[in-house]
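Undergrad: task: produce atomic coordinates for the following.
(2 chains)
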Number of protein chains: 2
Amino acid sequence: MAACVGIIAEYNPFHNGHLHQLARAKELSDCAHAIVAMSGSFTQRGEPACADKFTRARWALENGADLVVELPTLFSMAGAERFARGGVALLGASGIAEALSFGAEDADIGTLRALASLTALEGGALKQRLAAHLAAGKSFPAARAAALADAHGGEEIRSALLSPNNILAFEYIKAIDMLYPGMRPVPVRRQGAAHDADAPAGGFASASSLRAALGRSDAEFLGAFAPKNVSEDCARLLASGDIPCTADALSDAFLYALRRLPSRELAKLPDVAEGLENAIYREARAQTRYEGVLAAIKSKRYTLARLRRILSCALLGITKEKLRANPAPRYIRVLGARKDSLGLLSRLAGSASLPIVTCKADYDGLGDEARAMLDLDLFAAEVLAMAAPKPRAVDYEFARPLTIV
Amino acid sequence: MAACVGIIAEYNPFHNGHLHQLARAKELSDCAHAIVAMSGSFTQRGEPACADKFTRARWALENGADLVVELPTLFSMAGAERFARGGVALLGASGIAEALSFGAEDADIGTLRALASLTALEGGALKQRLAAHLAAGKSFPAARAAALADAHGGEEIRSALLSPNNILAFEYIKAIDMLYPGMRPVPVRRQGAAHDADAPAGGFASASSLRAALGRSDAEFLGAFAPKNVSEDCARLLASGDIPCTADALSDAFLYALRRLPSRELAKLPDVAEGLENAIYREARAQTRYEGVLAAIKSKRYTLARLRRILSCALLGITKEKLRANPAPRYIRVLGARKDSLGLLSRLAGSASLPIVTCKADYDGLGDEARAMLDLDLFAAEVLAMAAPKPRAVDYEFARPLTIV
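TA: Now for the predicted structure:
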């Protein structure tokens, strides 16, 4: 049986860097197949995905992925640690991913392991340093990097710790060590543009610059930095008003969802502490647009992604308690497969340690907790449908047959 | 002490018919003062009021009302029986309204009483007739009128029972009989345009034709059928984008609120029965606008007002259970008073059998159930702020001093 490498991704949207990573992942891991755990309707940066998950899964399947499963919203829209742990748990539970490949600024696994173990340190002295940097107004990632750099090295470590892909890489390594130590980590050095870079480099553009191109309907830019079938698809979806989905289009839903919640309920949202609930309560009334609320509650202490996630948790009804009660995915939702890799789907069915969901009957067969977790993914898709330039009717999720490419 | 007549109203918006009714109410009841129980942010027809309650209270105070209190949302956005009972209970609890004046197509109190007692009949034969008319596809009010006409008379009764103001008049009379039998009912014959009439008549236009005029920014029409200070105010508020508030502007909030609720929660909304929850569930996903949902769930059986109320109950979080648990208002929220009638406010303070709320301290002093009822009014106002052509920041409700005109 051909080996299979796992990848955790968002493909928001799919671009040439992803194409490159998929190919290198198979090559470096010596695996013929790739299974992707992909964010569904809401992404790690706390916003609706630019396009629906079936479309994004198809893009991946047409460009090197063999099987795409959905990372449940409770994990996709979460900080790096939970995002990584959810993805590793999902791929581990598939029983077919013997390796995990991920992008990183540093692709030497020894260095990554060492840095990962650094970030796992939680000594008292380190905590004091962390608190001091937080008190000085740094965001949590910056304060953690600075504290570790103080303790263990200096500028080089601080910079390595702050590279966005490295941060996820460390979390993947830590999650593998904890959950599936037999899974081989396979880092792929990131090419060209940095994670959030505005300017393309070396033939690669970042996903955020591609989302910006979607926002201005810049088909030429997409053509240059995304595979042809993706850019052509995007041109078509832009013309029909189906993409890009944006948080701004959900502005009224956000305001309404926030105004529904008294301060004591806002305090139950993930990551809300230190009176942030009062600022949210106030600004949800003082502002008249989502972006205004976000700008008004921004401080050095919180990254924008964290604040976006908090507001989207209010929108989707995700609380600290719900996260605590759901430490790992409870099902494997299959979004699509390549026709020539359907054997992988059979292997998944034989080896998965979680129920597999491909149709309504699978959904009906889930236990209450798993069904509640999946209901959240369905609701997230129903909200995403309102975020398109031309809002569309909600497709009944299980009416759609599995995407086979 | 000068006597005081009570009026239950919406003033959505205030027009010449209301001016006439206020004057006639004082005259016919021989009362020097009028206290008005006015719908707050959402009205009996199940929609956001065209303008905020403080503005509408000011219009009334400038045109003959002496004291305006808010009919809590749990009663203002309800069918005729609950609307009337809530208004009578509120005015009765004020301790100062010795009479209740209301418009009616038939202004003879003897006739109204007779008709009212007819509508209160619930005999088995009548129920069978009612069921037969419902089964034939009639709406509830039409079926009830037809059943009563079958039993007691004929076309004349049917027509009297179907006049919209008569329907409210019967409910006022029944509520008075049940709650405050000492309160004098004082019907005022309706002048000119019928309740929902499109065309003005005899110098009067209906509130719905005035809302239509607001919708097309027709200042001339407003000038012809509303008092000068109201029409001038409307022209100013139209120019600033503060009015008219509409359900259509809340379309996204409605869709989001409906999609949040699984069928079993939709079934808990007031008036939802016979599988209507399934139609709402389906259409909240198949449609992309509020008006589309409304049109798609419309059937002969349900009046549009009833369906609008159901959707707005979903928006505001009002359930059958909440209505059952709250049979009557729990506080008297004062919205404003005339400077030369402040004595009425002192009398209210001395004679009311419910707590009076004019400021934050009053709110803080309420019991849990009363505060929850008032929180719903505050939330309704926060949602209404999103319904303006140019959505505005939410004024902190108790930051605003009492409107004194």
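
Undergrad: what does the stretch 151-300 of chain A have sitting close to chain B?
TA: Along the stretch 151-300 of chain A, the residues adjacent to chain B under the rule Cβ under 8 Å from any Cβ of the partner chain are A:250, A:252-253, A:255-257, A:259-260, A:262, A:285-288. Every C-beta, even on glycine, is put in place using the N, C-alpha and C of the backbone.

Undergrad: what sits against the most centrally placed residue in chain A?
TA: When chain A is reduced to its mean C-alpha position, the closest residue under Cα atoms, centre = their mean turns out to be residue A:44, at 3.8 Å. For residue A:44, the contacting residues are A:10, A:76, A:77, A:78, A:80, A:83, A:305, A:309, taking Cβ atoms under 8 Å, 6 or more residues apart in numbering or on different chains as the criterion.

Undergrad: try it again with 7 Å
TA: A:10, A:76, A:77, A:78, A:83 (Cβ atoms under 7 Å, 6 or more residues apart in numbering or on different chains).

Undergrad: buried ones in the helix or strand of chain A with the lowest mean pLDDT?
TA: Least confident element among the helices and strands of chain A, by mean pLDDT, DSSP states H and E: helix A:155-162 (a mean of 71). Of the residues in helix A:155-162, those buried by neighbour count under the rule 16 or more other Cβ atoms under 10 Å in any protein chain shown are A:157, A:158, A:160, A:161, A:162.

Undergrad: okay, the residue located most distally from the centre of chain A: pLDDT?
TA: In chain A, the residue that sits farthest from the middle, by Cα atoms, centre = their mean, is residue A:125; the gap is 32.1 Å. Residue A:125 is assigned 70 on the pLDDT scale.

Undergrad: now chain A, which segments are flagged as low pLDDT?
TA: A:1, A:120-124, A:153-155, A:192-199 (pLDDT under 70).

Undergrad: now do 50
TA: Chain A contains no residues with pLDDT under 50.

Undergrad: elements contacting the host helix or strand of residue A:37?
TA: Take DSSP states H and E as the rule and residue A:37 turns out to sit in strand A:33-39. Counting by 3 or more Cβ pairs under 7 Å, 6 or more residues apart in numbering or on different chains; DSSP states H and E, the packing neighbours recorded for strand A:33-39 are strand A:4-9, helix A:16-29, helix A:53-61, strand A:67-71, helix A:80-94.

Undergrad: could the ones you listed go into CSV alongside mean neighbour count?
TA: Supplementary listing: those in CSV, determined by neighbours: other Cβ atoms under 10 Å in any protein chain shown:
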stretch, mean neighbour count
strand A:4-9, 27
helix A:16-29, 20
helix A:53-61, 25
strand A:67-71, 29
helix A:80-94, 24
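
Undergrad: of all these, which one comes closest to chain B?
TA: For chain B, the closest of those is helix A:53-61, at 16.0 Å, according to Cβ to the nearest Cβ.

Undergrad: hmm, who's touching that closest one?
TA: Here helix A:53-61 makes contact (Cβ under 7 Å, 6+ apart) with A:11-14, A:36, A:38, A:40-41, A:49, A:68, A:70, A:230, A:233, A:335-338, A:400, A:403, A:405.

Undergrad: phi, psi of the residue nearest to the centre of chain A?
TA: Listed backbone geometry of residue A:44 is phi -60, psi -30, with angles given as degrees, to the nearest 10.

Undergrad: try residue A:32
TA: Taking degrees, to the nearest 10, you get phi -80, psi -20 for the backbone angles of residue A:32.

Undergrad: thought residue A:314 was touching residue A:259?
TA: No - counting by Cβ atoms under 7 Å, residue A:314 sits too far from residue A:259 to count as a contact (9.9 Å).

Undergrad: just the buried ones out of the contacts of helix A:53-61, please.
TA: The neighbour-count test (16+ other Cβ under 10 Å) marks A:11-14, A:36, A:38, A:40-41, A:49, A:68, A:70, A:230, A:233, A:335-338, A:403, A:405 as buried among the contacts of helix A:53-61.

Undergrad: inside helices: which ones of those?
TA: Mapping the buried ones among the contacts of helix A:53-61 onto helices (DSSP state H) picks out A:230, A:233.

Undergrad: the residue nearest to the centre of chain A and residue A:246, how far apart?
TA: For residue A:44, the distance to residue A:246 (Cβ to Cβ, to the nearest Å) stands at 16 Å.

Undergrad: specify which member of the buried residues of helix A:155-162 is nearest to chain B.
TA: After measuring those against chain B - Cβ to the nearest Cβ - the closest member comes out as residue A:162, at 36.6 Å.

Undergrad: can you tell me the element the residue lying closest to the closest one once chain neighbours are set aside falls in?
TA: In this structure, residue A:162 finds its nearest non-sequential neighbour in residue A:145, 4.8 Å apart by Cβ to Cβ, 6 or more residues apart in numbering or on different chains. Using DSSP H and E, residue A:145 falls within helix A:140-152.

Undergrad: now the angle from that helix to helix A:80-94?
TA: On the basis of axes from the mean of the first three to the mean of the last three Cα atoms, to 10 degrees, helix A:140-152 is oriented at 90 degrees to helix A:80-94.

Undergrad: contacts for helix A:140-152, please.
TA: Helix A:140-152 is contacted by residues A:118-119, A:125-126, A:129-130, A:133-134, A:138, A:155, A:157-158, A:161-162, A:167, A:303 when judged by Cβ under 7 Å, 6+ apart.

Undergrad: and of those residues, the nearest to chain B?
TA: Taking Cβ to the nearest Cβ as the measure, residue A:303 is the one of those closest to chain B, at 26.0 Å.

Undergrad: how far away is the closest one from residue A:147?
TA: Distance from residue A:303 to residue A:147, counting by Cβ to Cβ: 17 Å.

Undergrad: neighbour count winner among these two?
TA: Here residue A:303 and residue A:147 are compared on neighbour count by other Cβ atoms under 10 Å in any protein chain shown; more neighbours surround residue A:147, at 24 against 17.

Undergrad: OK, contacts around the closest residue to that one other than its chain neighbours?
TA: With Cβ to Cβ, 6+ apart as the measure, residue A:129 is the residue that lies nearest to residue A:147, at 3.8 Å, once sequence neighbours are left out. Contacts of residue A:129 were listed using Cβ under 7 Å, 6+ apart, and they are A:147, A:150, A:151.

Undergrad: one more: residue A:12?
TA: With contacts defined as Cβ under 7 Å, 6+ apart, residue A:12 is in contact with A:43, A:49, A:50, A:56, A:207, A:211.

Undergrad: phi, psi for it please.
TA: Listed backbone geometry of residue A:12 is phi -120, psi 70, with angles given as degrees, to the nearest 10.

Undergrad: and it, how far is that from chain B?
TA: Going from residue A:12 to chain B by Cβ to the nearest Cβ, to the nearest Å gives 22 Å.

Undergrad: for residue A:384, same thing?
TA: Going from residue A:384 to chain B by Cβ to the nearest Cβ gives 11 Å.

Undergrad: swap in residue A:218?
TA: In this structure, residue A:218 and chain B are separated by 26 Å, where distance is defined by Cβ to the nearest Cβ.

Undergrad: got it, and residue A:404?
TA: With the distance defined as Cβ to the nearest Cβ, residue A:404 ends up 25 Å from chain B.

Undergrad: for residue A:353, same thing?
TA: 29 Å.

Undergrad: now the helices: where do they sit in the stretch 151-300 of chain A?
TA: According to DSSP state H, counting those that start in this stretch, the stretch 151-300 of chain A carries its helices in the segments A:155-162, A:164-179, A:207-215, A:219-225, A:228-240, A:251-260, A:263-266, A:276-286, A:290-297.

Undergrad: and of those helices, who's closest to residue A:319?
TA: Ranking those by proximity to residue A:319 (Cβ to Cβ) places helix A:263-266 first, at 8.4 Å.

Undergrad: which other residues reach the closest one?
TA: Helix A:263-266 has contacts (Cβ under 7 Å, 6+ apart) with A:272, A:277, A:278, A:280, A:281.
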